[in-house]
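Q: Sequence first, then the predicted structure:
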Amino acid sequence: MNVPRNLAGKDFTQNKYAYFDWIRENEPVYKAKMFVMDIVCLSRYQDCAEMLRDDRFVRNRSVATGGGGRLPFPVPKTVALLADSMITADNPEHRRLRLLVNKAFTPRSLKSMESQLELMTHQLLDEAEKNSSAGVIDLMPAYSLPIPVQVISQLMGVSDEDMPEFRKGVRVLTEGMSGFGIHLCLGAWLARLETRVALNTLLARYHDLELAVDTTELRLQTVPFWHRYESLPIRLN
């Protein structure tokens with residue numbers, strides 16, 4: 001199989017699972033490109049787990065290279081903010097930052113948000129119904145994306161005037177990777193709660209949901225490692 005080296009390319013995105021199968025079996029340590037950056041990918045679970053447990057591997061690029069920025073090329077401000085946070089920090093700095101916010105993201109703390117989430121999902125679907133065209137809505141902008149935006153903005157106390165810029169940043173992060181070990185995403189429990197409540201509300205209200213287009217018309221966004229459709233039109237039967 002001729003597997004593309006550019007993970008950000010359209011061909012790789014549209015055929016990723018066939019390529020992933022080949023890589024795992026034939027080239028588990030895979031040299032590739034992501035946009036303009038040369039990278040090395042590990043494709044097998046055990047290899048990934050061992051690397052993430054090994055303190056010889058670091059997240060902070062400036063430590064690994066002996067200076068310079070944490071990212072090897074210029075990025076938008078919404079992404080650059082992430083480069084100077086615990087996401088790219090290593091212990092002990094990572095541990096210090098994580099402990100500052102950990103209590104807000106424990107399963108017990110997040111459980112109290114369930115009723116708020118249920119109300120939010122019903123309000124979003126009410127609005128989607130009102131603005132639908134012949135009972136058809138695009139589930140992505142009407143329902144899937146607003147949920148994490150609203151939840152995280154409430155947790156962080158984002159003001160109304162900052163919401164447009166904040167919404168762009170959350171859109172970049174939504175459906176991101178959850179990590180492992182010390183870098184297990186703090187929001188993993190929150191993401192699971194959001195998903196469970198969102199699906200339960202949607203399926204409880206609409207028992208005969210169906211795609212409003214043929215499956216061949218669905219297109220994946222060209223975002224490395226993520227599986228996200230450009231749009232998801234559904235009919236609210």
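A: Good, I have the coordinates.

Q: Pull the number of nearby residues for R98.
A: Using other Cβ atoms under 10 Å, the number of residues around R98 comes to 17. Heads up, the C-betas are built off the backbone N, CA and C, glycines and all.

Q: Now that it has come up, it's in contact with S85, right?
A: No. R98 is beyond contact range of S85, at 10.6 Å (criterion: Cβ atoms under 8 Å).

Q: so where's the chain uncertain?
A: Residue ranges of the chain with pLDDT under 70: 68-75, 77-83, 169-183.

Q: if I look at the residue lying farthest from the centre of it, how far off is C48?
A: The outermost residue of the chain, judged against the average C-alpha position, is A134 (30.9 Å), by Cα atoms, centre = their mean. Distance of A134 to C48, given as Cβ to Cβ, to the nearest Å: 46 Å.

Q: Buried residues in stretch 51-69, which are they?
A: Buried residues in stretch 51-69, defined by neighbour count with 16 or more other Cβ atoms under 10 Å: L52, R59.

Q: Could I get the full set of helices for this structure?
A: Listed in chain order, the helices of the chain (DSSP state H) span 10-14, 16-26, 45-53, 61-65, 77-83, 93-101, 107-111, 114-130, 139, 146-156, 163-173, 188-205.

Q: For V3, which of those is the nearest?
A: Relative to V3, the nearest member of these by Cβ to Cβ is helix 16-26, separated by 5.0 Å.

Q: quick one: buried residues of that closest one?
A: Of the residues in helix 16-26, those buried by neighbour count under the rule 16+ other Cβ under 10 Å are K16, Y19, I23.

Q: try stretch 40-54
A: Taking 16+ other Cβ under 10 Å as the basis for neighbour counts, the residues of stretch 40-54 that come out buried are C41, L42, S43, L52.

Q: got the end-to-end distance for it?
A: Here the two ends of stretch 40-54 are set 16 Å apart, with distance taken as Cα to Cα, to the nearest Å.

Q: from the chain's centre, how far out does that stretch sit?
A: With Cα atoms, centre = their mean, to the nearest Å as the basis, the distance from the averaged C-alpha position of stretch 40-54 to the chain average is 20 Å.

Q: Same question for stretch 156-165.
A: With Cα atoms, centre = their mean, you get 20 Å for stretch 156-165.

Q: what's the first-to-last distance across that stretch?
A: For stretch 156-165, the first-to-last residue distance is 14 Å (Cα to Cα).

Q: C41: what's it in contact with?
A: L7, I23, V29, Y30, K31, A32 (Cβ atoms under 8 Å, 6 or more residues apart in numbering).

Q: where's the closest residue to K10 other than its chain neighbours relative to C41, distance?
A: Counting by Cβ to Cβ, 6 or more residues apart in numbering, T222 is the residue found nearest to K10 once chain neighbours are left out, at 5.4 Å. Distance from T222 to C41, counting by Cβ to Cβ: 17 Å.

Q: now E129
A: Following Cβ to Cβ, the distance that separates E129 from C41 is 43 Å.

Q: How about P4?
A: Separation of P4 from C41 (Cβ to Cβ): 13 Å.

Q: and if you look at M156?
A: The spacing between M156 and C41, counted by Cβ to Cβ, is 32 Å.

Q: residues of stretch 217-232 that come out buried?
A: Of the residues in stretch 217-232, those buried (16+ other Cβ under 10 Å) are T222, P224, L232.
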